[in-house]
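# Need a 3D model of the following:
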Amino acid sequence: MSETLDKTAIRDAATVIVVRDRTTTPSILMGQRGASAAFMPSKYVFPGGAVDAGDDNIALGADLSALDAERLSQDSTRAAPALATAAIRELWEETGQILGTPSVWDDAPVDWRGFAQRGHRPNASGLNFMFRAVTPQGNPRRFDARFFMVDADHLITDPDDFSEAEDELSHLHWVPLKDARMLDLPFITEVVLAELSAVLQNGAPPASVPFFRNDDEAHLVTRLGGRSPLDF
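Numbering: from 1, shown residues only. Just a heads-up that it's a prediction; the model follows:
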């Protein structure tokens, strides 16, 4: 496959890092991909996946912060609300957990009907954009993934109830952050965990967001700027 074709195969994606008890003994929600999965088989990952075409058409019940929307728009052709929508949808599908705001949503698309039946629209106000990475060349599937952090307090569902989850991830559980590296993790997840630890320690949004481009031999890392005193 030529380099041009390889780049066109990259799909936008969104991932959610849900953090529980972040000021005391933080833990994060993770699950294990199936052994036969084409992408990252058997690895422990955060909930997430590719942006669907329909994600561009979903009206959020509450928007991202201006800071996060600005950072998401840098060097990107995908609208920030669609990325946030995909993150919330993937969290719902893979864990049964809802980031929502009360709303009547009678015309919800098929993928969102279970979510809407609980009386909510997706709520992006608690999401904090903290990392971006492109899957390295040579992988069977490539994604331009945006990683969002959100406090578990923003969930409107029981954080220990995964009964509504689909079967894409198994062994869903809250992993103490200090123990997460003992799991079988993708390399990029280990990098994200280091960044997450720094963000939690600082107690404020990062001054800039790391972007691992993986589009040349140097594996170029840039940072998406902007800073704000906003709490998260």
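
# Which strand or helix spans Val191?
For Val191, the element it lies in under DSSP states H and E is helix 187-202.

# What are the contacting residues of the following helix or strand past that helix?
For helix 187-202, the succeeding helix or strand toward the C-terminus, using DSSP H and E, is strand 209-212. Strand 209-212 is contacted by residues 71, 75, 129-134, 188, 191, 195, 219, 221-224 when judged by CB atoms under 8 Å, 6 or more residues apart in numbering. Every residue, glycine included, has its C-beta placed from N, CA and C.

# between these, which has the most around it?
Within those, most neighbours by other CB atoms under 10 Å means Arg71, with 29 neighbours.

# how close does Val134 sit to Asp75?
Distance, Val134 to Asp75, using CB to CB, to the nearest Å: 11 Å.

# Then Val19?
Counting by CB to CB, the gap from Val19 to Asp75 is 26 Å.

# Val110 now?
32 Å.

# what about the closest residue to Phe131 other than its chain neighbours, helix or strand, and which?
Excluding its sequence neighbours, the residue lying closest to Phe131 (CB to CB, 6 or more residues apart in numbering) is Phe147, at 3.8 Å. Element membership for Phe147 (DSSP H and E) is strand 143-151.

# angle of that strand against helix 187-202?
Here strand 143-151 runs at an angle of 30 degrees relative to helix 187-202 (axes from the mean of the first three to the mean of the last three CA atoms, to 10 degrees).

# just checking, what packs against strand 143-151?
Contacts defined by 3 or more CB pairs under 8 Å, 6 or more residues apart in numbering; DSSP states H and E place strand 143-151 against strand 11-20, strand 48-50, helix 80-95, strand 128-134, helix 187-202.

# what's next to the very next helix or strand once past that strand, contact-wise?
Sequence-wise, the next helix or strand downstream of strand 143-151 (DSSP H and E) is strand 169-176. Applying CB under 8 Å, 6+ apart, the contact partners of strand 169-176 are 20, 25-34, 44-45, 47, 94-95, 159-160, 162, 165, 183.
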